[in-house]
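**Q** Could you look at this predicted model? Sequence included:
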Amino acid sequence: MTEHSLWRFSRALHRAINERRQEEVADLIDEEVDWAIHGPVEMFPFLGARRGKAAVLEVLRQIADNVRVHRFDRETIMLGVDSAASMLRYSLTALDSNKPISLRIAHFAQFKAGRLLSIRILIDTFELVEQALGRSIHLPKMNSFA
């Protein structure tokens with residue numbers, strides 16, 4: 001049995017971020033990749049939707065300029081022949097402030113011939129924004145929806 005595309009992509013992605021080695025991950029991304037990280041684009045401009053390998057590699061450069069990955073734990077994972085979905089907990093460091101950041105993400109990926117064709121990443125943005133601001137966010141209580 002061959003290794004699932006997710007494992008190769010995941011290793012290459014982390015090397016691209018932590019070691020700024022993009023050549024390996026570039027080989028695993030389809031030229032017409034459809035990429036989206038859903039989150040507060042106003043605070044984190046590298047979030048949002050991108051199309052094409054060059055745009056995705058630029059996003060990875062921007063992420064590498066902002067964070068370092070220390071650890072990630074897969075909480076749940078589902079693998080298909082050419083697809084993968086998982087819930088992950090990441091431990092990062094913000095490079096500008098040296099602050100630790102912990103966040104949860106869910107991702108849904110599709111592969112074709114071993115290359116990433118499409119990915120959607122959902123971030124627990126409330127927790128991320130609180131950590132980025134360095135304070136809790138207090139929201140008004142909702143009494144009822146009636």
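**A** Thanks, I have it.
**Q** List the residue ranges of this protein that fall below the pLDDT cut-off.
**A** Within the chain, the segments meeting pLDDT under 70 span 1, 142-146.
**Q** in it, which spans are strands?
**A** Taking DSSP state E as the test, the strands found in the chain are 29-38, 48-51, 67-79, 83-94, 100-112, 115-123.
**Q** As JSON lines, these with mean neighbour count would be great.
**A** Using the backbone N, CA and C atoms, a C-beta is placed for each residue, glycine as well. Compiled in JSON lines, the strands of the chain are given as follows (neighbours: other C-beta atoms under 10 Å):
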{"stretch": "strand 29-38", "mean neighbour count": "17"}
{"stretch": "strand 48-51", "mean neighbour count": "14"}
{"stretch": "strand 67-79", "mean neighbour count": "13"}
{"stretch": "strand 83-94", "mean neighbour count": "17"}
{"stretch": "strand 100-112", "mean neighbour count": "17"}
{"stretch": "strand 115-123", "mean neighbour count": "18"}
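**Q** would you turn those into JSON lines with distance to Leu133?
**A** As requested, the strands of the chain are arranged in JSON lines below (distance: least, C-beta to C-beta, whole Å):
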{"stretch": "strand 29-38", "distance to Leu133": "19"}
{"stretch": "strand 48-51", "distance to Leu133": "20"}
{"stretch": "strand 67-79", "distance to Leu133": "16"}
{"stretch": "strand 83-94", "distance to Leu133": "12"}
{"stretch": "strand 100-112", "distance to Leu133": "12"}
{"stretch": "strand 115-123", "distance to Leu133": "15"}
